[in-house]
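**Q** what shape does this take:
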Amino acid sequence: MTLLYYDPVFQEHDTGDHPENGGRILAVVRHLNFVALDTSCKRPGWDAASVERLCYVHSRQYVDSVEQFAAGGGGYIEEDTSVSEKSYEVARMAVGAVCDAVERVVVGEDRTAFCLVRPPGHHAMPDHAMGFCLFNNIAVGARVATREFGLERVLIVDFDVHHGNGTQAMFWEDADVGAPWCGPCRMMAPAFAEAAVHLSPNIILAKLNIEASPVTASQFTITGIPTMILFNGGKEVSRQSGALTTHKFALNEVD
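**A** Sure, this is the predicted structure:
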């Protein structure tokens, strides 16, 4: 039974008519409800990520600057990234969902988790926001796996037409986290499955952008490897319906 992470709080990251807006994940929520997949999932509670965990991959100065910017009313923190008054706390909840899912998957409470959260994260750099992203959800989750649980082989896969430059920057020189292997799903899925078996990671953390890369669950059969997927909601969610109940994933964000 998949762990499902979603909360209406993610709508409080108010970006107006910005391309990254709350309507994108609402489409996923509605579909899960329509096909009753949400009733087949566990709905754990979780806490916002601590500042200490955010600082696994971000500088404390940057974390504090996001808090201050949101508290001041928000606006565009950089040319592409909109922030509202509650965005800092919402972003911490998004990271917290991923961290909680990593913990539960690693200890064996479940082998799949679906984290439907926003704001997204894979463009967020160690010391600044970028590309709709504030905090790098998947990167913090990877560091929870290595630092708190001692995992030695973490593989990050980024199914997206946009390169996860923030994730790459955070792990470029680290031997314990391989990141990010990027590209559209149709091109990457077969090679990803083969490489995952060959590399034998302790856990796979993947971010999936459905709008850019519609896929079916059958493309992700990876036997025996616990997998966390950061899931990007979007127009093609109906093609993902099987993933919640058949494969080893934890899923998360929209960018």
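**Q** do you have the strands of the stretch 101-250 of the chain handy? List them.
**A** 113-115, 154-159, 177-183, 203-209, 227-232, 250-251 (DSSP state E, counting those that start in this stretch).
**Q** weakest of those strands in terms of mean pLDDT?
**A** Comparing mean pLDDT across the strands of the stretch 101-250 of the chain, the weakest is strand 250-251, with a mean of 40.
**Q** for the record, mean pLDDT for the strand or helix carrying Asp64?
**A** Element membership of Asp64 [criterion: DSSP states H and E] is helix 60-71. With pLDDT averaged residue by residue, helix 60-71 scores 98.
**Q** what does the helix or strand just after it contact?
**A** Downstream of helix 60-71, the first helix or strand assigned by DSSP H and E is strand 75-78. Applying C-beta atoms under 8 Å, 6 or more residues apart in numbering, the external contacts of strand 75-78 come out as 66, 69, 82-83, 128-130, 134. All C-beta atoms are positioned from the backbone trio N, CA, C, and that covers glycine.
**Q** okay, buried residues for strand 75-78 please.
**A** Ile77 (16 or more other C-beta atoms under 10 Å).
**Q** off-centre distance for that strand?
**A** The chain centroid and the centroid of strand 75-78 are separated by 22 Å under C-alpha atoms, centre = their mean, to the nearest Å.
**Q** quick one: strands adjacent to that strand?
**A** strand 81-83 (antiparallel) (DSSP bridges).
**Q** give me the below-cutoff pLDDT ranges for the stretch 1-150 of the chain.
**A** Within the stretch 1-150 of the chain, no range satisfies pLDDT under 70.
**Q** try it again with 90
**A** Filtered on pLDDT under 90, the stretch 1-150 of the chain yields the residue ranges 1-4, 19-41, 105, 108-116.
**Q** closest to Cys41 out of the contacts of strand 75-78?
**A** Leu134 (26.4 Å; C-beta to C-beta).
**Q** who's in contact with the residue nearest to the closest one when sequence neighbours are not counted?
**A** Spatial nearest neighbour of Leu134, chain neighbours left out: Ala91 (4.4 Å); criterion: C-beta to C-beta, 6 or more residues apart in numbering. Residues in contact with Ala91 (C-beta under 8 Å, 6+ apart) are 13, 66, 119, 134-135.
**Q** so what pairs up with Val157 in the strands?
**A** Trp181, Ala206.
**Q** and it, how many neighbours?
**A** 29 (other C-beta atoms under 10 Å).
**Q** likewise for Asn136?
**A** With other C-beta under 10 Å as criterion, Asn136 counts 30.
**Q** and Asp17, by the same measure?
**A** Asp17, neighbours per other C-beta under 10 Å, totals 7.
**Q** mind checking the SS state of it?
**A** When classified by DSSP: H, G, I helix; E, B strand; the rest coil, Asp17 comes out as coil.
**Q** and it, how far is that from Gly121?
**A** 22 Å (C-beta to C-beta, to the nearest Å).
**Q** buried stuff in the helix holding Asp64?
**A** Buried residues in helix 60-71, counted by 16+ other C-beta under 10 Å: 62-63, 65-67, 69-70.
**Q** output the contacting helices and strands for it.
**A** Where contact means 3 or more C-beta pairs under 8 Å, 6 or more residues apart in numbering; DSSP states H and E, helix 60-71 is packed against helix 51-54, strand 75-78, strand 81-83, helix 87-107.
**Q** residues contacting that helix, please?
**A** So helix 60-71 is contacted by 51, 54-55, 75, 77, 83-89, 91, 126-129, 134-135 (C-beta under 8 Å, 6+ apart).
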